[in-house]
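> Take this sequence and fold it.
(one chain, ligands or ions: 1)
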Amino acid sequence: MNVLVVLPSVLTVPHLEVIAAARTLGSVTALVVGDPDLAMLARHGVPRVLVPEMPPTTEPAAVADAAVAAVEASRPDAVLLVSSFAGKAVAGRLAVLLDCGAVTDVTGLRVEDGVVVASKPVLQGSWATECAVTRGPAVIAVRPTAFEAREEPGGTPEVVTLPVTPGAAARAVTVEAREARPASGRPPLEEARVVVAGGRGTDGDFTLVEELADALGGAVGATRVATDEGWIDHAAQIGQTGVTISPRLYVGLGISGAIHHTAALQGAETIVVVNSDPDARIFGMADFGVVGDLREVLPTAIAALRGT
Ligand SMILES: Cc1cc2nc3c(=O)[nH]c(=O)nc-3n(C[C@H](O)[C@H](O)[C@H](O)COP(=O)(O)OP(=O)(O)OC[C@H]3O[C@@H](n4cnc5c(N)ncnc54)[C@H](O)[C@@H]3O)c2cc1C
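Here you go, the predicted structure:
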């Protein structure tokens, strides 16, 4: 299979995971909207890079236009990208523009009789589904952490420039300003392998949540109650109206387990919770639960992790 991966110029772990996912299907061409990191792409086995003739951008409408041009130029069987908010926006637009099938939040990929079959968990992870994309190219948004990034050193990729005609949607958007969020030193929530989340039970003090996250090298998340109260930034909200996560480990602290929150934990492999109410709904989905006051349980856990 020929596979096109849609990438930005700065590659993070989820982008490298998508490249690894693409390599399981066939030979890879990368579309890089911006300055390509050729050394990194060479290390991850990408032999050919398409660079659109347009200013660097992450706007979904513009990236989708570039992807349409790349599909016309390279005729791939599948187009892969990261299943982030922006990636899903590009995937949807691309499927409409190309009149093909798209699957988001994908955790597994295979080819059967020349057709791409993507697996994804749905309904809080209680069902595993497989979606065959019968009208291609198959547009596949791959969930962060679903694949392992793997180096496959090769030569410097061939770079081909790509003329792009911006569509009406891209022309309608002008980015007036951008402000980088101050770096927390923690991994981004959507990409983190460990997420420690706090809810109303923290009573507004996220110190222990942050300390546990740092002891585990994880990201900090929260329920909507905590973000609405202003205890933590809205970007930390996990749930139906927040971020969807798929960590190896989710730790929920003082969280009741409302469906609006837990719906976004579908991809979590191991769930550990601390709640003072033994009847809290969240215990029903936990692999390991502690009934107790988080202010008493957490200092001991943090000290044990730090070896102090
Ligand atoms: C349309 C809609 C969309 C929504 N979207 C989201 C969303 O995206 N994300 C989201 O999170 N919510 C969302 N909500 C809100 C959601 O329904 C819940 O209200 C919310 O998730 C509850 O947050 P919580 O678990 O922190 O609070 P609560 O439900 O109040 O639970 C607090 C828990 O903390 C425990 N506790 C209290 N003190 C302690 C202590 N000292 N130690 C240990 N445990 C303690 C309690 O026993 C309780 O179980 C949405 C709601 C609606 C209607």
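> Can you name the residues that contact Val196?
By Cβ atoms under 8 Å, 6 or more residues apart in numbering, Val196 lies in contact with Val209, Glu210, Leu212, Ala213, Leu216, Gly218, Ala219, Val220, Gly221, Val251, Leu253. To be clear about C-beta, it is placed using only N, CA and C from the backbone, and glycine gets the same treatment.
> Now for the residue of the stretch 201-308 of the chain found nearest the ligand, how many residues are close by?
Closest to the ligand within the stretch 201-308 of the chain is Gly239: 2.2 Å, counting by Cβ to the nearest ligand atom. If you count neighbours by other Cβ atoms under 10 Å, Gly239 ends up with 22.
> shouldn't it be in contact with Gly257?
No - contact criterion Cβ atoms under 8 Å: Gly239 and Gly257 do not qualify, at 11.2 Å.
> what bridges to the closest residue to Phe283 other than its chain neighbours?
Excluding its sequence neighbours, the residue lying closest to Phe283 (Cβ to Cβ, 6 or more residues apart in numbering) is Gly289, at 4.6 Å. Residues in a beta bridge with Gly289, per DSSP bridges, are Val273.
> tally of neighbours for Gly289?
Residues lying near Gly289 (other Cβ under 10 Å) number 18.
> Now do it, the pLDDT please.
Listed pLDDT for Gly289 reads 97.
> can you check Ala102 too?
Per-residue confidence (pLDDT) for Ala102: 97.
> what do you get for Ala89?
On pLDDT, Ala89 comes in at 93.
> Now do the same contact list for it.
Shown in contact with Ala89 (Cβ under 8 Å, 6+ apart): Pro60.
> Ignoring the adjacent residues along the chain, who's closest to whatever residue of the stretch 51-200 of the chain ends up closest to the ligand?
For the stretch 51-200 of the chain and the ligand, the shortest gap (Cβ to the nearest ligand atom) falls at Gly199, measuring 2.4 Å. Excluding its sequence neighbours, the residue lying closest to Gly199 (Cβ to Cβ, 6+ apart) is Ile255, at 3.5 Å.
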